[in-house]
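Novice: Sharing a model prediction with you, sequence too.
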Amino acid sequence: MAKKQQTWELRLYVAGKTPKSVLALRNLEKYCETHLKGQYKIEVIDLLVQPQLAEGDQIFAIPTLVRKVPEPIRKIIGDLSNEAKVLVGLNIRPVKKES
Amino acid sequence: MLHSLPKVRTGITGLDEITLGGIPRGRPTLICGGPGCGKTLVSIEFIVKGATEFNEPGVFITFEEKAEDLIANVASLGFDLQKLQKNKKLKVDYVRIQRKEIEETGEYDLDGLFIRLGHAIDSIKAKRVVLDTIENLFSGLSNEGILRAELRRLFMWLKEKGVTAVITGEQGEGKLTRHGLEEYVSDCVILLDHRVVNQISTRRLRIVKYRGSLHGTDEYPFLIDEEGITVLPVTSLKLDRSVSLERISTGIASLDEMFSGRGFYRGSSVLISGMAGTGKTSIAACLIQEACTQKERCLFFAFEEPPAQIIRNMKSISLDLETPVKKGLLEFHSARPALYGLELHLSTIYKVVRQFKPTMVVLDPISNLISVGLINEVNSMLLRLIDFLQGQGITVIMTSLTDVLEERVNEGVSSLVDTWISIKEIEANGERNKFLYVRKSRGIKHSNQVRELIISDTGLELAEIYLGPSGILVGSARKERKLQKLTGKELKNQELREDIARRRQEDGIPHKARQRRGK
């Protein structure tokens, strides 16, 4: 609650436009709009285009969502279909509060 | 003729022999074993050798250690991964999987890993890939269904890529691997084992399965030392080495005599057995000295005494081992048998021999090795050692302490040795005398006599034979007889001289034709 102006930097790693990737991105955008409106940035990285980036963030599963900011880095793999899990994983409280 | 499976040489000493040429090309091979059995090292050597010796760049994906740690760890084996990485011969990628960092929700696949691997392979045109240990995925990810499907896909994909892959897996209870990787990688499975028997650890390697190829099926000991991994095939004894007709002198003329005057064959194996203090080492030292004076290179493996002590002791019987050492013709290597396990002894010997390229090797004594291993293990080690040395045309001299208990070593080794000299010490008439005889000598006509071995300030020799009323005379009896003979001669001479002198005195003029007068 102290850092309300914190911008969330999220990175979604995909490999081409697979149904899982598309679904993951759609889910992510939906949750962000709901809980982090105006405070987030989503960067989508397609590893088919930039395979060299996989090493940096230790990506092995696709899709992987990486929370770069706020630290610590957190990762969620999968199509993000479970909202509650994603929120817990990213440590987003529905009331937009940080731990 | 069987159409043979294309294989890739691993470059690991011994492994390519057991597998009759290496692991299957373009297919995954599983290396499994318990913790600390050397999976990672075997796989890293596979990659490094590929890069350095076969011009096959490799990718090493580690799931366990950080790349830096891995680089530091294998530096002790003499592998410079950093340099290889710089030269684009190798790529190390650490895939970190931390369960607590990862949340799973919904469907996913391992395309990330595929892409990383693919990228790494393409970037250096890799031909070899290691995944160490891919099972870590199981601890990091909870959806086993996805994982298994993905692993299956991964191995298919590796095959399509045409890379020769080595996958390591932790041994599970009652299974080769904890998560049943053998299910996916079924072409070649190598099991490593690290066990401690009688406080001595030995590492062993076994090929559990090799589809489409013959392979050695035994457990083979292997070693990890500063030069990497060496697998020691026990049964590589092929008995097809060439033999030499050249004979080499023993350095003891009287001993040469026992071998029809010319010593024994070059490249043969000679066993000198005897009880404590019978002069085994002295005979070996004699052989060495003789060889060194012929400008031959010799190696002396001493398991009992430090080199300086041997040199000092041999000096006392006029054997100079110091000069050849200084000249670089002779090298001593001494180590207590218990310093390390048999296999390490063996590999040390292998290595030193390869470096020094001797024509004669002394192992003094082999019986001492029994303290580090079971009898059959010692025998199998000796078998391999003798085989190895003779394969290179090296004359092997072994000494062995005989004892009621250890007679068995000799039994085992006796079939391997070409010449067996036995020394016995017999107590009689209040003295102990050493007797030497040739138990066997393949292909050389040898004396059947039991000769007395005399070690004196001037060296070694076999006493001349003096026959007494009850057979060969030895020790003081022999000396007495010798003296008798000498004094007998002397007395006779003396008598003659006296006789002549007397006659001269009587006649004043010497005369040849003078008739002899009786006394």
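Specialist: That came through, no problem.

Novice: Please state the backbone phi and psi of the closest residue to B:Val243 other than its chain neighbours?
Specialist: Using CB to CB, 6 or more residues apart in numbering or on different chains and skipping the chain neighbours, the partner closest in space to B:Val243 is B:Gly267 (6.6 Å). In this view, the C-beta of every residue, glycine as well, is placed from N, C-alpha and C. With angles defined as degrees, to the nearest 10, B:Gly267 sits at phi 80, psi 10.

Novice: burial of B:Gly267, as a residue count?
Specialist: B:Gly267 is flanked by 23 other residues according to other CB atoms under 10 Å in any protein chain shown.

Novice: Can you check what pLDDT the model gives it?
Specialist: pLDDT for B:Gly267: 87.

Novice: what sits against it?
Specialist: B:Gly267 makes contact with B:243-244, B:390, B:393-395, according to CB atoms under 8 Å, 6 or more residues apart in numbering or on different chains.

Novice: Save those as a markdown table, and put in secondary structure, neighbour count and pLDDT too.
Specialist: Below are the contacts of B:Gly267 laid out as a markdown table (DSSP: H, G, I helix; E, B strand; the rest coil; neighbours: other CB atoms under 10 Å in any protein chain shown; pLDDT from 0 to 100):
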| residue | secondary structure | neighbour count | pLDDT |
| --- | --- | --- | --- |
| B:Val243 | coil | 13 | 77 |
| B:Ser244 | coil | 13 | 81 |
| B:Gln390 | helix | 20 | 84 |
| B:Gly393 | coil | 14 | 85 |
| B:Ile394 | coil | 23 | 90 |
| B:Thr395 | strand | 27 | 91 |
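
Novice: now the stretch 101-250 of chain B, which segments are flagged as low pLDDT?
Specialist: Scanning the stretch 101-250 of chain B for pLDDT under 70 picks out the ranges B:198-200, B:233-241.

Novice: residues in it within reach of chain A, list them.
Specialist: The stretch 101-250 of chain B comes close to chain A at residues B:101-113, B:115-116, B:118-119, B:137, B:141, as judged by CB under 8 Å from any CB of the partner chain.

Novice: Just to be sure, which of the residues you listed are found in strands?
Specialist: Using DSSP state E, the members of these that fall within strands are B:102-104.

Novice: and the residue of chain A nearest chain B?
Specialist: Residue nearest to chain B within chain A (CB to the nearest CB): A:Gly89, separated by 3.3 Å.

Novice: how many other residues sit next to that residue?
Specialist: Residues lying near A:Gly89 (other CB under 10 Å) number 22.

Novice: and it, that's in a strand?
Specialist: No. Judged by DSSP: H, G, I helix; E, B strand; the rest coil, A:Gly89 forms no part of a strand; its state is helix.

Novice: what's the spatially most central residue of chain A in contact with, if anything?
Specialist: Centre of chain A computed as the mean C-alpha position; nearest residue by CA atoms, centre = their mean is A:Leu65, 3.8 Å away. Neighbour list for A:Leu65: A:10-13, A:24, A:28, A:75-77, A:80, A:86, A:90 [criterion: CB under 8 Å, 6+ apart].

Novice: for B:Lys7, same thing?
Specialist: Each residue near B:Lys7 by CB under 8 Å, 6+ apart is listed here: B:19-25, B:213.

Novice: Including neighbour count and secondary structure, could the residues you listed go into a markdown table?
Specialist: Output for the contacts of B:Lys7, formatted as a markdown table (neighbours: other CB atoms under 10 Å in any protein chain shown; DSSP: H, G, I helix; E, B strand; the rest coil):
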| residue | neighbour count | secondary structure |
| --- | --- | --- |
| B:Thr19 | 25 | coil |
| B:Leu20 | 14 | coil |
| B:Gly21 | 19 | coil |
| B:Gly22 | 24 | coil |
| B:Ile23 | 28 | strand |
| B:Pro24 | 21 | strand |
| B:Arg25 | 15 | coil |
| B:Ser213 | 19 | coil |
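
Novice: Tell me how many other residues surround the closest residue to B:Arg297 other than its chain neighbours.
Specialist: Among residues not flanking B:Arg297 along the chain, B:Pro358 sits closest, at 4.5 Å (CB to CB, 6+ apart). B:Pro358 is flanked by 22 other residues according to other CB under 10 Å.

Novice: Report whether B:Pro358 is found in a helix, as I expect.
Specialist: No. Counting by three-state DSSP, B:Pro358 is not found in a helix; it is coil.

Novice: what sits against it?
Specialist: Neighbour list for B:Pro358: B:296-299, B:331, B:394 [criterion: CB under 8 Å, 6+ apart].

Novice: and if we set it to 6 Å?
Specialist: For B:Pro358, the contact set (CB atoms under 6 Å, 6 or more residues apart in numbering or on different chains) comprises B:297-299.

Novice: For chain A, see how far away it is.
Specialist: Distance of B:Pro358 to chain A, given as CB to the nearest CB, to the nearest Å: 50 Å.

Novice: Need the phi and psi values for that residue.
Specialist: phi -80, psi 170.

Novice: Could you do B:Phe60 as well?
Specialist: Dihedral pair for B:Phe60: phi -120, psi 110, per degrees, to the nearest 10.

Novice: Run through the bridge partners of it.
Specialist: Beta-bridge partners for B:Phe60, by DSSP bridges, are B:Val92, B:Val130.

Novice: how many other residues sit next to it?
Specialist: Neighbours of B:Phe60 (other CB under 10 Å): 30.

Novice: quick one: it and B:Phe46 touch, right?
Specialist: No. If you go by CB atoms under 6 Å, B:Phe60 and B:Phe46 don't touch, sitting 9.3 Å apart.

Novice: Kindly list the longest helix within chain B.
Specialist: helix B:475-507 (DSSP state H).

Novice: Provide the strand pairings for the host helix or strand of B:Ile272, with the direction of each partner.
Specialist: For B:Ile272, the host element (DSSP states H and E) is strand B:269-274. According to DSSP bridges, strand B:269-274 forms sheet pairs with strand B:395-401 (parallel), strand B:419-428 (parallel).

Novice: re the thing from before, what does the pLDDT read for the residue nearest to B:Arg297?
Specialist: For B:Pro358, the model assigns a pLDDT of 92.

Novice: Could you pull up phi and psi at the residue in the stretch 301-450 of chain B that chain A sits nearest to?
Specialist: Across the stretch 301-450 of chain B, the shortest distance to chain A (CB to the nearest CB) belongs to B:Ser347, at 37.4 Å. B:Ser347 adopts backbone torsions of phi -70, psi -30, taken as degrees, to the nearest 10.

Novice: Around it, count how many other residues there are.
Specialist: Neighbours of B:Ser347 (other CB under 10 Å): 23.

Novice: Then B:Asp457?
Specialist: Here the count is done by other CB under 10 Å, and B:Asp457 has 7 residues near it.

Novice: who are the neighbours in contact with it?
Specialist: Contacts of B:Asp457 (CB under 6 Å, 6+ apart): none.

Novice: Could you measure from it over to B:Asp256?
Specialist: To B:Asp256, B:Asp457 is 21 Å away according to CB to CB, to the nearest Å.

Novice: Ok, B:Ser367 next?
Specialist: From B:Ser367 to B:Asp256 the distance is 26 Å (CB to CB).

Novice: Those two - which one has more neighbours?
Specialist: Higher neighbour count among B:Ser367 and B:Asp256: B:Ser367, with 26 against 19, using other CB under 10 Å.

Novice: where's B:Leu346, which helix or strand?
Specialist: Per DSSP H and E, B:Leu346 falls inside helix B:342-356.
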